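Asker: Based on what follows, work out the 3D shape:
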Amino acid sequence: MKTQTDKPKFPLGQLLATPGALKAMENAGQSPGELLIRHVTGDWGLVCKADAEANEQAIKERTRLLSSYKLATGIVIWIITEASRAATTLLLPSEY
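Answerer: Here you go, the predicted model:
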């Protein structure tokens, strides 16, 4: 796991979250900030090795980034940063 001292690897743009993601994080007692720090420093969470490698390439090529994290309650949250880096969204997979 990355630490908070790691430097951001890309800009997040505008931060957005769906109501479902916000409720899930509230129920888990976790903040969006802790997940965003992991995402922006390259800790991609639960994604498979191929997706993690694709994210590393996406940083260089400015394409979409996807992270996946399991909350303390077992609910999974995705974080997607758009290719343009204009926005980063926290959402439940079912909301995609």
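
Asker: Now stretch 79-88: average pLDDT?
Answerer: Within the predicted structure, the mean pLDDT of stretch 79-88 is 98.

Asker: How about residues contacting that stretch?
Answerer: Residues outside stretch 79-88 that contact it (CB atoms under 8 Å, 6 or more residues apart in numbering) are 10-16, 35-36, 39, 58, 62-69, 89-91. For the C-beta atoms, the positions are set from N, CA and C on the backbone; glycine is no exception.

Asker: Buried subset of those residues, written for PyMOL?
Answerer: Buried residues within these, by 16 or more other CB atoms under 10 Å, are selected in PyMOL with:
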select buried, resi 10+12+35+36+39+58+65+66+67+68+69+89+90+91
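
Asker: out of the contacts of stretch 79-88, which are inside helices?
Answerer: Taking DSSP state H, the ones among the contacts of stretch 79-88 that sit in helices are Leu35, Leu36, His39, Ala58.

Asker: which two from the residues you listed end up farthest apart in space?
Answerer: By the measure CB to CB, those have their two most distant members at Leu35 and Ala58, which lie 18.0 Å apart.

Asker: Now name the helix or strand holding the residue nearest to the spatial centre of the chain.
Answerer: Centroid-nearest residue in the chain, with CA atoms, centre = their mean: Ile79, separated by 3.0 Å. Assigned by DSSP states H and E, Ile79 belongs to strand 76-81.

Asker: can you list the weak-confidence ranges in this protein?
Answerer: Regions of the chain meeting the criterion pLDDT under 70 cover residues 1-5.

Asker: for it, what spans make up the strands?
Answerer: If you assign secondary structure with DSSP state E, the strands in the chain sit at 14-17, 65-70, 76-81, 87-91.

Asker: As CSV, the ones you listed with distance to Ala28 would be great.
Answerer: Supplementary listing: the strands of the chain in CSV, determined by distance: least, CB to CB, whole Å:
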stretch, distance to Ala28
strand 14-17, 14
strand 65-70, 9
strand 76-81, 9
strand 87-91, 12
